[in-house]
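Asks: sequence and predicted structure are below.
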Amino acid sequence: MRSSRQARVAAIIPVRGGSKGIPGKNLREVGGVSLVERAVNAALATSTIDVVYVTTDDAAIAQTAVGAGAIVIDRPAELAHDTASSESALLHALDEIDRTVGAPEVTVFIQATSPFIRADDLDAAVTRVLRGDDDVVFSALETYAFLWKKTPAGAVGVNHDHSFRPRRQDREPHYQETGAFYVMRTTGFRAARFRFFGTVGIAEVDERDAIEIDTMDQLTLASLMSGLSGSSR
C-alpha cells in the first residue's frame, strides 16, 4: 500500500475474490467496465473524496483496482470469507491507513455491487458529514410499498394497518437501504465498530442507482440498462 499524504476524505471499497452467487462477480462487466472499476471511477469522479482504497484478497481484483486509480490494501484471509463483516474489512483498512499516513476525517464505504453510483450523490453525502449535519449518511430509495410479514396467524402488515388502505398521497414514505454507499465520521465509526451511529441521515437516490447485483439476473438487467442509457459509469 502506498499513499504520500493524509486524506481528509477516503473511500474504501471492500472487494472479496470469492462469490457464491456469481463466480468472479466483482470483475464482471456492466457497460464494458468491471464492477470494481465502476466503484473506483465513481469515487474518483467526486470533488470531495481525496483518495480511494480497495481492500481485497484477490490478485486479479488488486491489479484491476490499481489500473483504475485506487490504492490496494491486502485483506487478510480471515477477513475475506463469506461470513466476515464489511465492518471488519473497513476497520482493518483504516488501521493500515492510520499506520501509514494517518486516518481520514471521513470514511466513505462503497460497495462495488452497486454499479450506478453517482458522484454527485457521494459529494452531497460527504458534504453533510463534513459540515457536521450528520455523523452517517447512507443511500436509500424512497418507497411507498406496503410491506407484510408471515406469522402463524397469517400475513400481517409491517408498515401499515392492513384493515385500512390509504392513498399514496396520504402516506408518508419509507426508505429502503440500497447498500451502495455509507459516509461516516471516522472517529465515530471506529468507536462504534458499526456503520450506524450518532445522527444518521438518508441520501435519497433514484431507482436506477439503487440496483444491487447479487444474482445473474440482476447482472443481466444492469447490463441492459447500461446499454440503453449508453452509460459506462
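Replies: Great, that's in hand.
Asks: show me where the chain has helices.
Replies: 35-44, 59-68, 86-100, 119-131, 186-192, 216-229 (DSSP state H).
Asks: wait, Phe109 sits on Gly179?
Replies: No - if you go by Cβ atoms under 8 Å, Phe109 and Gly179 don't touch, sitting 9.8 Å apart. C-beta here means a position set from N, CA and C on the backbone, and glycine is covered the same way.
Asks: and those two? Which one has more around it.
Replies: Phe109 (23 against 18; other Cβ atoms under 10 Å).
Asks: how near is Val200 to Leu27?
Replies: 32 Å (Cβ to Cβ, to the nearest Å).
Asks: quick one on the thing from earlier: nearest to Val9, of the helices of the chain?
Replies: helix 119-131 (5.7 Å; Cβ to Cβ).
Asks: which stretches of this structure aren't confidently modelled?
Replies: Residue ranges of the chain with pLDDT under 70: 1-4, 20-21, 228-233.
Asks: could you point out the longest strand of it?
Replies: strand 174-185 (DSSP state E).
Asks: list the strands paired with it, with their directions.
Replies: strand 106-110 (antiparallel), strand 136-143 (antiparallel) (DSSP bridges).
Asks: got the buried residues for the last one?
Replies: To tie it back to what came earlier, the one meant is strand 136-143. If you call a residue buried by 16 or more other Cβ atoms under 10 Å, then strand 136-143 has these buried ones: Val136, Val137, Phe138, Ser139, Ala140, Leu141.
Asks: now, which of these sits nearest Arg38?
Replies: Ser139 (14.9 Å).
Asks: who's the closest one bridged to?
Replies: Beta-bridge partners of Ser139, as defined by DSSP bridges: Ala203.
Asks: contacts made by stretch 205-221 with the rest, please.
Replies: 21-22, 25, 28, 30, 35, 111, 113-118, 121, 139-141, 176, 178-180, 222, 225, 229 (Cβ atoms under 8 Å, 6 or more residues apart in numbering).
Asks: just the buried members of these?
Replies: 22, 25, 28, 30, 35, 111, 113-118, 121, 139-141, 178-180, 222, 225.
Asks: so what's Glu204 closest to, chain neighbours aside?
Replies: With Cβ to Cβ, 6 or more residues apart in numbering as the criterion, Glu204 has its nearest non-adjacent residue at 5.7 Å, and that residue is Glu142.
Asks: OK, contacts around the one you found?
Replies: Glu142 neighbours (Cβ under 8 Å, 6+ apart): Pro173, His174, Tyr175, Glu204.
Asks: hmm, which two among those are most spread apart?
Replies: His174 and Glu204 (11.8 Å).
Asks: and Asp206, how far is that from Met216?
Replies: 24 Å.
Asks: ok, Asp95 next?
Replies: 35 Å.
Asks: ditto for His160
Replies: 33 Å.
Asks: those two - which one has more neighbours?
Replies: His160 (17 against 13).
Asks: thought the more buried one was touching Lys149?
Replies: No - the pair His160 and Lys149 fails to qualify as a contact (Cβ under 8 Å) at a distance of 11.7 Å.
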